[in-house]
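J.: When you get a sec, could you give me coordinates for this:
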Amino acid sequence: MIQPAVPRHAAMPHRIGSVLRAAGIALAGLVLAGGVRAAVPVSTSGAWATTTVARGLEHPWGLAFLPDGRMLVTERPGRLRIVSAAGELSAPVAGVPGVYATGQGGLLDVATDPKFADNRLVYLSYAEAGSGGRAGTAVARARLAEADGKASLAGLQVIFRQQPKVDGSAHFGSRLVFARDGTLFITLGERYQRDRAQDLGTHLGKVVRIRPDGSLPADNPFAGRKDVLPEIWSYGHRNPQGAAINPASGRLWTVEHGARGGDEINIPQAGANYGWPVITYGRDYNFMKIGEGTSKPGMEQPVYHWDPSIAPSGMAFYTGTRYPGWAGSVFVGALKDTMLVRLALSGDRVVAEERLLQGEKRRIRDVRQGPDGWLYLLTDEGDGEILRLHRR
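T.: Got it, this is the predicted structure:
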């Protein structure tokens with residue numbers, strides 16, 4: 001089945017567009033260097049289905065695999081579970097920090113330390129309450145201890161707190177991604193404080209980079225500047241809820257929510273400004289214009305964007321062999337549009353989009369490649385599930 005709509009910002013040379021339409025291929029917009037627009041084919045496939053691995057999770061948000069194939073899964077109300085390969089859920093892991101489980105807040109992402117086999121360290125991002133009803137994103141780490149069939153977090157240490165904490169229960173981010181050099185990237189929403197995404201004196205609307213113990217890498221782009229928070233890696237982000245390291249380049253990729261349109265994939269560079277809310281491909285929820293337009297000198301263009309919005313969340317690069325022809329693709333879950341998106345790449349360019357699982361109507365919150373080479377998905381529902389993708 002072919003997608004009927006073309007995003008209104010996609011510039012389509014008449015001749016090329018006519019040929020592709022005649023071939024039955026829909027087109028989407030792709031941003032190239034300098035803001036030049038190109039046509040990208042968008043297709044749908046009904047050849048894929050899912051098998052339920054586990055169910056009974058309340059709004060699961062993040063998933064990480066343990067070396068033995070078991071899974072750590074967060075539930076937004078504040079629970080961490082260990083899920084066996086057979087889909088059995090553990091009792092809640094003890095020692096999880098208290099969370100601000102309101103609106104979009106709660107227990108969010110989970111990641112294991114690159115040296116987990118030696119140190120058993122687990123990292124959690126979560127919405128943390130402050131004084132006066134304020135809240136912000138925080139990250140803690142602890143050692144996963146298991147004894148007598150019970151699991152707990154030992155020696156919990158908060159290694160990062162978003163500053164400042166603000167009112168509201170939206171746009172916390174946040175994904176945790178370890179870079180090849182062992183540093184930790186944290187994606188942070190602007191907490192619906194739009195203009196402060198441009199303020200380098202806050203962590204709102206930023207990607208930050210720290211060491212696993214919370215200390216500052218000396219080569220961070222703003223290290224040594226007194227007028228900038230030194231953890232900041234990039235800024236001008238809205239609400240990035242997906243992130244992954246591209247195995248081909250080692251660089252961080254992120255996906256973030258736009259408003260009414262303007263969901264973006266970016267490759268955050270050190271010290272770069274990604275424009276929100278000065279530039280965006282979306283409009284406000286009341287259809288009014290946001291900012292100054294879609295481009296401005298000194299502000300980066302996204303690698304790819306969606307208009308209308310799909311409400312993207314988890315992101316994963318595929319490196320396995322279970323799905324022939326998919327190695328090197330990047331996958332993005334969609335909440336509003338309840339689907340899994342596969343993006344084919346040529347270097348850092350998106351060259352095609354394929355939309356999967358549209359008939360299942362699941363809010364896909366996270367996407368991960370398992371150690372067995374299969375793709376696993378989390379559904380953000382009251383009776384949330386872990387799904388495994390397979391061909392029909």
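
J.: where are the low-confidence patches of this protein?
T.: For the chain, the stretches flagged by pLDDT under 70 are 1-39.

J.: Name all residues that make contact with residue 236.
T.: With contact taken as C-beta atoms under 8 Å, 6 or more residues apart in numbering, residue 236 is in contact with 197, 198, 205, 273, 274, 275, 276, 278, 299, 300. The way it works is simple: take the backbone N, C-alpha and C, and place the C-beta from them, glycine included.

J.: could you dump these to a markdown table with distance to residue 42 and neighbour count?
T.: Listed next are those as a markdown table, based on distance: C-beta to C-beta, whole Å; neighbours: other C-beta atoms under 10 Å:
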| residue | distance to residue 42 | neighbour count |
| --- | --- | --- |
| 197 | 29 | 26 |
| 198 | 32 | 18 |
| 205 | 29 | 31 |
| 273 | 29 | 19 |
| 274 | 24 | 28 |
| 275 | 24 | 28 |
| 276 | 24 | 27 |
| 278 | 28 | 20 |
| 299 | 26 | 19 |
| 300 | 24 | 21 |
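
J.: Which of those residues sits closest to residue 309?
T.: Nearest to residue 309 among the contacts of residue 236 is residue 276, at 13.9 Å by C-beta to C-beta.

J.: who are the neighbours in contact with the closest residue to that closest one other than its chain neighbours?
T.: Nearest residue to residue 276, sequence neighbours excluded (C-beta to C-beta, 6 or more residues apart in numbering): residue 238, at 4.5 Å. By C-beta under 8 Å, 6+ apart, the residues touching residue 238 are 171, 189-190, 197, 205, 256-259, 264, 276-277, 280.

J.: now swap in residue 86 and tell me
T.: Applying C-beta under 8 Å, 6+ apart to residue 86 gives no contacts.

J.: Tell me which helix or strand it sits in.
T.: Following DSSP states H and E, there is no helix or strand that holds residue 86.

J.: That one and residue 316, how far apart?
T.: Distance from residue 86 to residue 316, counting by C-beta to C-beta, to the nearest Å: 23 Å.

J.: so residue 359 touches residue 46, yeah?
T.: Yes: using C-beta atoms under 8 Å, residue 359 makes contact with residue 46 at a distance of 6.6 Å.

J.: what comes up buried for stretch 271-290?
T.: 272-283, 290 (16 or more other C-beta atoms under 10 Å).

J.: Pull the residues that contact that stretch.
T.: In contact with stretch 271-290 (C-beta under 8 Å, 6+ apart) are residues 9, 29, 190, 194-195, 197-198, 205, 221-222, 233-238, 258-264, 266, 268, 291-296, 298-300, 302, 305, 307, 309.

J.: Skipping adjacent residues, who's closest to the most centrally placed residue in the chain in space?
T.: Nearest residue to the geometric centre of the chain (C-alpha atoms, centre = their mean): residue 242, 0.6 Å. Spatial nearest neighbour of residue 242, excluding adjacent residues (C-beta to C-beta, 6+ apart): residue 315 at 3.4 Å.

J.: just residue 389 next, same as before
T.: Nearest to residue 389 is residue 375, by C-beta to C-beta, 6+ apart, at 4.4 Å.

J.: how about the helices in the protein?
T.: 14-22, 116-119 (DSSP state H).

J.: Which residue, neighbours along the chain excluded, lies closest to residue 299?
T.: Nearest residue to residue 299, sequence neighbours excluded (C-beta to C-beta, 6+ apart): residue 275, at 4.0 Å.

J.: before we move on, the earlier item: among the contacts of stretch 271-290, the buried ones, what's the ChimeraX command?
T.: In ChimeraX, a selection of the buried entries from those looks like this (16+ other C-beta under 10 Å):
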select :9,29,190,194,197,198,205,221,222,233,234,235,236,237,238,258,259,260,261,262,263,264,266,268,291,294,299,300,302,305,307,309
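
J.: Okay, and which of the contacts of stretch 271-290 map to strands?
T.: 29, 233, 234, 235, 263, 264, 266, 305 (DSSP state E).

J.: Pick out the most distant pair among the residues you listed.
T.: The largest separation in the ones in strands among the contacts of stretch 271-290, counting by C-beta to C-beta, is between 29 and 233 at 26.5 Å.
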